[in-house]
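Asker: structure here, sequence nowhere to be found:
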């Protein structure tokens, strides 16, 4: 019996085993990161694209794209539905308040203005701009946008987001011969890009506090 099990496991290509574990894990992590905006989902997608780039299995990159986009869409819709449901709750919306805490006031004001000017298409840019997704989502909630309208803008947003971060992974994979080297590179790049908005806000707040300080 042991020999049979050993033969079966030995006949499974390593890449097939990685895909069987990696794709569901990628889906769950991206969906969770979209629902709970603390997970660096962009870095996950880029890292998966690096690994897929170095694999010989056909359509690996296409599968990573489909899994990432669908997981991001599912997380966005779930988060939007929860926020919308909380607005109609009797005790108010704690979820909406938590989302608003993650949206800088100036970004939220800009998102509301852009939403009035461009409608649901502003969702596409919100996914591509670091720290732009939550302010636009809060603006949509405050405007009481129906879920079907949000879906209309979120579908191309998630597709563009997955394509952008997958392109970063492909570039990282093409620059390094070892997958781990590409993964380290793309993670560093995506985390650095994501850190730009909070650093900029802190510097702006410090300058503002310095300007209000007595001479």
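Answerer: Cool, got the structure. Because the structure is a prediction, the values reported are computed rather than measured.

Asker: residue ranges of the helices in this structure, please?
Answerer: All helices of the chain, identified by DSSP state H, fall at 2-10, 14-35, 41-53, 60-87, 94-101, 105-118, 122-128, 133-142, 147-175, 179-212.

Asker: which of these is buried the deepest?
Answerer: Most buried of these, by mean neighbour count (mean count of other CB atoms under 10 Å): helix 41-53, with a mean of 26. (Glycine included, C-beta is placed from N, CA and C.)

Asker: that one to helix 147-175, inter-axis angle?
Answerer: Counting by axes from the mean of the first three to the mean of the last three CA atoms, to 10 degrees, helix 41-53 lies at 50 degrees to helix 147-175.

Asker: which neighbouring elements make contact with helix 41-53?
Answerer: Applying 3 or more CB pairs under 8 Å, 6 or more residues apart in numbering; DSSP states H and E, one finds that helix 41-53 makes contact with helix 14-35, helix 60-87, helix 147-175, helix 179-212.

Asker: including mean pLDDT, could the ones you listed go into a markdown table?
Answerer: Putting those into a markdown table (pLDDT from 0 to 100) gives the following:
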| stretch | mean pLDDT |
| --- | --- |
| helix 14-35 | 77 |
| helix 60-87 | 91 |
| helix 147-175 | 92 |
| helix 179-212 | 69 |
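
Asker: in TSV, list the ones you listed along with distance to residue 104.
Answerer: What follows is those, written out as TSV (distance: least, CB to CB, whole Å):
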stretch	distance to residue 104
helix 14-35	20
helix 60-87	18
helix 147-175	20
helix 179-212	6
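
Asker: looking at those, which is closest to residue 106?
Answerer: Set against residue 106 and scored by CB to CB, the helices and strands packed on helix 41-53 come closest in helix 179-212, at 8.3 Å.

Asker: which ones are touching the spatially most central residue of the chain?
Answerer: Taking CA atoms, centre = their mean as the criterion, residue 41 is the residue nearest the geometric centre of the chain, at 4.3 Å. Contacts of residue 41 were listed using CB atoms under 8 Å, 6 or more residues apart in numbering, and they are 29, 30, 33, 34, 68, 72.

Asker: one more pass at 6 Å, please.
Answerer: Counting by CB atoms under 6 Å, 6 or more residues apart in numbering, residue 41 makes contact with 30, 33.

Asker: gap between it and residue 116?
Answerer: As judged by CB to CB, to the nearest Å, residue 41 and residue 116 stand 28 Å apart.
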